[in-house]
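J.: Sequence first, predicted model second:
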Amino acid sequence: MSEELAARRCKPCEGGTEPLTREQAEELLLGLHADWSISEDGRSISRSFRFPGYDMALGFANAAAWVAIAQDHHPVLTIAYGSCGVSYTTHSIDGLSDNDFICAAKTDRLAGTTLE
């Protein structure tokens, strides 16, 4: 499912759209790398990517940001020496949408990781 998600494009998600249920989110989570997790409140997904140094973490963050801009769906990126944390949520609906999982799959592909 990861490649299927990664091949899709994000669609605008406006207020009034219901966020995914936890059950729906957990089903889509199965299509991502095992390091992704759903927050306790069920409103976001996140993963930390590891790198040998700050320069590679920063380069990955810039590439992830470029992918997100192209999808018009923007993550929270947290950069530290040797790691980049990525968190997706759909702010307009205060929860998760298909867009979050599409972008997460594209981020996995960018990192060279898919289902494991």
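T.: Right, received. Where do you want to start?
J.: and the residue sitting nearest the centre point of the chain, what is it in contact with?
T.: Nearest residue to the geometric centre of the chain (CA atoms, centre = their mean): Ala104, 2.8 Å. Ala104 is in contact with Leu5, Leu32, Trp36, Ile45, Arg47, Val86, Tyr88, counting by CB atoms under 8 Å, 6 or more residues apart in numbering. Backbone N, C-alpha and C define where each C-beta goes, glycine included.
J.: Equivalent analysis for Pro52, please.
T.: Contacts of Pro52 (CB under 8 Å, 6+ apart): Gly82.
J.: re earlier: pick the one among the contacts of Ala104 closest to His73.
T.: Nearest to His73 among the contacts of Ala104 is Tyr88, at 7.4 Å by CB to CB.
J.: and the closest one, how many neighbours?
T.: Residues near Tyr88, counting by other CB atoms under 10 Å, number 23.
J.: From what I see, it and Ile102 are in contact.
T.: No - the pair Tyr88 / Ile102 is not scored as a contact, 9.2 Å apart, by CB atoms under 8 Å.
J.: list the residues that contact both of those two?
T.: Common neighbours of Tyr88 and Ile102 (CB under 8 Å, 6+ apart) are His73.
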